[in-house]
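Student: task: produce atomic coordinates for the following.
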Amino acid sequence: MKVSSRFRYGLRLLVDLAISYEKGPVLLKNIADCEKISKKYLEQIVITLRTAGLIGATRGSKGGYFLTKDPRKIKITDIYKILEGPFAPVDCLDNPKICTLIRTCPTRKLWAKLAECIEETFAGQTLIDITQK
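Tutor: Numbering: from 1, shown residues only. You can find the predicted model right below:
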C-alpha cells in the first residue's frame, strides 16, 4: 500500500504549522521552500484543510496560515480522512454492493484487517507527537 503525496504533503504542512503553533501565521511560500514542495500543490491542499476547519488564514504583512486547534488535539486519523477519505485499501470494504463476491471473497478479511491496522496506527498519533523528536 502506498500513501498518496496529497496526504504526505498535507501532513508535512500541518507539522510545520504545529511547530509554529502560537507563534503566529506562517507563509505558504516558506513552508513550500522548507519542505521542497510545490507551492501550487500546497495551495490545493490548503483549500481542503481550511474547508475542514483544521487551518485558518490571515491576510496582510503578518499574514499566513495557522492551526485552528491545538496540535495535541489533531489526530492523524482525522487528517487522513480529510485528505484521503476512508482507510479501506479496497473499495468493496466501504461499498459492498459493488462486489459480486462479497460473501465468498477469500481476501476480504485481509483487507479489513489492513484497514483496521492502519487506522489504529494513525489513531494513536497526534500532530504534536510527530513534532517531538
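
Student: tell me the secondary structure for the residue of the chain most remote from its centre?
Tutor: The centre of the chain is farthest from one residue, Thr104, which by CA atoms, centre = their mean lies 33.6 Å away. Here Thr104 is recorded as coil under DSSP: H, G, I helix; E, B strand; the rest coil.

Student: and the one 5 residues further on, by the same measure?
Tutor: The three-state label given to Lys109 by three-state DSSP is helix.

Student: list the buried residues for whatever helix or strand Glu43 lives in?
Tutor: In the assignment (DSSP states H and E), Glu43 maps to helix 39-51. Neighbour-count burial for helix 39-51 flags 42, 45-46, 49 (criterion: 16 or more other CB atoms under 10 Å). Using the backbone N, CA and C atoms, a C-beta is placed for each residue, glycine as well.

Student: other SSEs contacting it?
Tutor: For helix 39-51, the packing partners by 3 or more CB pairs under 8 Å, 6 or more residues apart in numbering; DSSP states H and E come out as helix 5-19, helix 28-35, strand 55-58, helix 76-83.

Student: and if we set it to 10 Å?
Tutor: helix 5-19, helix 28-35, strand 55-58, strand 64-67, helix 76-83 (3 or more CB pairs under 10 Å, 6 or more residues apart in numbering; DSSP states H and E).

Student: hmm, who's touching it?
Tutor: Applying CB atoms under 10 Å, 6 or more residues apart in numbering, the external contacts of helix 39-51 come out as 5-7, 9-14, 17, 27-33, 35, 37-38, 54-57, 65, 67-68, 79, 82-83.
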